[in-house]
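**Student:** Here is my input, please return the structure:
(chains A, B, C and D)
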2 protein chains.
Amino acid sequence: MTDAHKVERWIGRFPLIQSLAPAHLQLARGTVQFPVLEAGAVAYELDGACAHYLMCLEGRTRIFRMSEGGREVLIYKVGPGGTCALTTQCLLSGGTFPAQSVAEERTELAALPESTFQHLMGDSAAFRSLVMDDYTRLMSGLFTLIDEVAFAPLKQRLAQRLLAEADPRGVAAVTHQTLADDVGSVREVVSRILAQWAEAGLIELRRGAVEIVDRSSLAAAGRR
Amino acid sequence: MTDAHKVERWIGRFPLIQSLAPAHLQLARGTVQFPVLEAGAVAYELDGACAHYLMCLEGRTRIFRMSEGGREVLIYKVGPGGTCALTTQCLLSGGTFPAQSVAEERTELAALPESTFQHLMGDSAAFRSLVMDDYTRLMSGLFTLIDEVAFAPLKQRLAQRLLAEADPRGVAAVTHQTLADDVGSVREVVSRILAQWAEAGLIELRRGAVEIVDRSSLAAAGRR
DNA sequence: GGACTTGTGTGACCTGGGTCACCGACCGGG
DNA sequence: CCCGGTCGGTGACCCAGGTCACACAAGTCC
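**Tutor:** Model (predicted):
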């Protein structure tokens, strides 16, 4: 695929880019790059430096925090059309990444170099609002995350994760292990809870996937 | 105290305000207000709307999240010279408060009306950096909060809270109950842990206060 | 100096969920 | 068809921390 095509696709995914003033659009088009991550590649590490504002074209990355003990909490996942708001945090604060990220599958990105980013943030109200929009969204996501982690019992978080992971037909292609990682627990415990739910007819278990039979009961399963 | 005095004091607390362009400074001085909260007053509630950018001149407010079960997690406390970064979140996102806040003592604020805030954010790079600075700080605070809540055992969080609350002489004027609230636990448990530490000579217990005897051991007490 | 209100100490008990140690089932490749 | 890796299931056990139910000590207000 030629670079021109890539640029078009990028703009297709992020239509707001269009609304930049001509000079700004020019700058963006001129400096954008298109890195690709293979499945399993780390996009960035904890405390790494950050040189680009990243936007996701294709694929999916998982952003999470890890404890010394090796357990994890999922912060969020970015799919096509999403930006990695942590790069924003990084670029705005001048600091390093507060979390780590790995690609779950082959992932194509659009990357604006820091200089372009800073320039546009200073000059372009449109660009600012584009960036800040995602950034404030991240912030509110963190708040809900906080009280889930602080207050919600494991079952509840697990139920939500499962629902979030399910495709339209209700199939979530995940292993117990990855679920456990996402909710910050361990496989055995997750398996047990899933077994209960399967018992109750809320879900059906396959190898490498969970099929949700009764979405609404599952959603209710966590609470109380 | 006259308004002119108040304005001077405000600028004294937030020297960066000085660096605004004359026209912007003019606008800020012309529209700033100085509300006062009595001890125990709620500064804002969960999901409340937000009409002002708030900066703290004197006093202290506690910002926290509450679960249905009535337990709390402390997000942060704002003292003199601090801004309430949640108002930023609110004003930038156009949404409502993601948490609640109450004044711990009589608190004097400086408040910029939303229109002024938006105007300055749009026009003044200096103001933007002033605001974004605190905002990104909040964000990174949330990250550390997340993995404390997710991974750190209660003891560790308690130890930190105690150290954070202590005055230079090592005296923290808090009740077991307020400590428990801050770390999202209950009184009995906190009392027990404190009793252990007192036993070990790390702290000394008084009514309504805890005196830290051995700061460094206390800091280490949480880990492992 | 009662009588109430706040802060604290303590024991008995319960439970969510993490740990350990397996085993068995499925799956893909030589 | 066998063999090693990835998934999933299960039981025994343990422990931090929350719940309940008090008892008591310090201030405080009349």
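
**Student:** how about A:A180, what does it touch?
**Tutor:** A:186-187, A:189-190 (C-beta atoms under 8 Å, 6 or more residues apart in numbering or on different chains). C-beta coordinates here come from the backbone N, C-alpha and C atoms, glycine included.

**Student:** what do you get for A:D134?
**Tutor:** By C-beta under 8 Å, 6+ apart, the neighbours of A:D134 are A:82-83, A:85, A:88.

**Student:** Select from those the one having the most neighbours.
**Tutor:** A:A85 (26 neighbours; other C-beta atoms under 10 Å in any protein chain shown).

**Student:** Work out for me the element the spatially most central residue of chain A sits within.
**Tutor:** The residue lying closest to the centre of chain A (C-alpha atoms, centre = their mean) is A:K77, at 1.7 Å. Taking DSSP states H and E as the definition, one finds A:K77 inside strand A:72-78.

**Student:** Just the residues contacting whichever helix or strand comes after that strand, thanks.
**Tutor:** Next in sequence after strand A:72-78, counting helices and strands by DSSP H and E, comes helix A:85-93. Applying C-beta under 8 Å, 6+ apart, the contact partners of helix A:85-93 are A:49-50, A:52-54, A:63, A:75, A:95-99, A:101, A:114, A:117-118, A:121, A:131, A:134-135, A:137-138, B:132-133, B:135-137, B:139-140.

**Student:** would you list the contacts of A:A180 in TSV and tack on distance to chain B and neighbour count?
**Tutor:** Compiled in TSV, the contacts of A:A180 are given as follows (distance: C-beta to the nearest C-beta, whole Å; neighbours: other C-beta atoms under 10 Å in any protein chain shown):
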residue	distance to chain B	neighbour count
A:V186	13	13
A:R187	18	14
A:V189	15	15
A:V190	16	23
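
**Student:** Which of the residues you listed fall within helices?
**Tutor:** A:187, A:189-190 (DSSP state H).

**Student:** Show me the subset of those that also lies near DNA strand C.
**Tutor:** Among the ones in helices among the contacts of A:A180, proximity to DNA strand C is found for A:V189 (C-beta under 7 Å from any atom of the strand).

**Student:** how far out from the middle of the chain is the longest helix along chain A?
**Tutor:** Determined from DSSP H, the single longest helix within chain A is helix A:125-151. With C-alpha atoms, centre = their mean, to the nearest Å as the basis, helix A:125-151 stands 12 Å off its chain's centre.

**Student:** now do stretch A:29-41
**Tutor:** 16 Å.

**Student:** ok, is that stretch in contact with DNA strand D or not?
**Tutor:** No - using C-beta under 7 Å from any atom of the strand, stretch A:29-41 stays clear of DNA strand D, coming no nearer than 11.8 Å.

**Student:** could I get that stretch in PDB with only the CA atoms?
**Tutor:** The C-alpha coordinates for stretch A:29-41 follow below in PDB (Å, rounded to 0.1, in the frame of the first residue of the first chain):
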ATOM      1  CA  ARG A  29       0.100  14.800   6.500                       C
ATOM      2  CA  GLY A  30       3.700  15.600   5.900                       C
ATOM      3  CA  THR A  31       5.000  14.200   9.200                       C
ATOM      4  CA  VAL A  32       2.700  11.300  10.000                       C
ATOM      5  CA  GLN A  33       4.200   7.900  10.000                       C
ATOM      6  CA  PHE A  34       2.700   4.400   9.900                       C
ATOM      7  CA  PRO A  35       4.400   1.900  12.200                       C
ATOM      8  CA  VAL A  36       3.100  -1.600  12.400                       C
ATOM      9  CA  LEU A  37       3.200  -3.900  15.500                       C
ATOM     10  CA  GLU A  38       3.200  -7.700  15.200                       C
ATOM     11  CA  ALA A  39       1.000  -9.600  17.600                       C
ATOM     12  CA  GLY A  40       2.500  -9.700  21.000                       C
ATOM     13  CA  ALA A  41       4.900  -6.800  20.300                       C
END
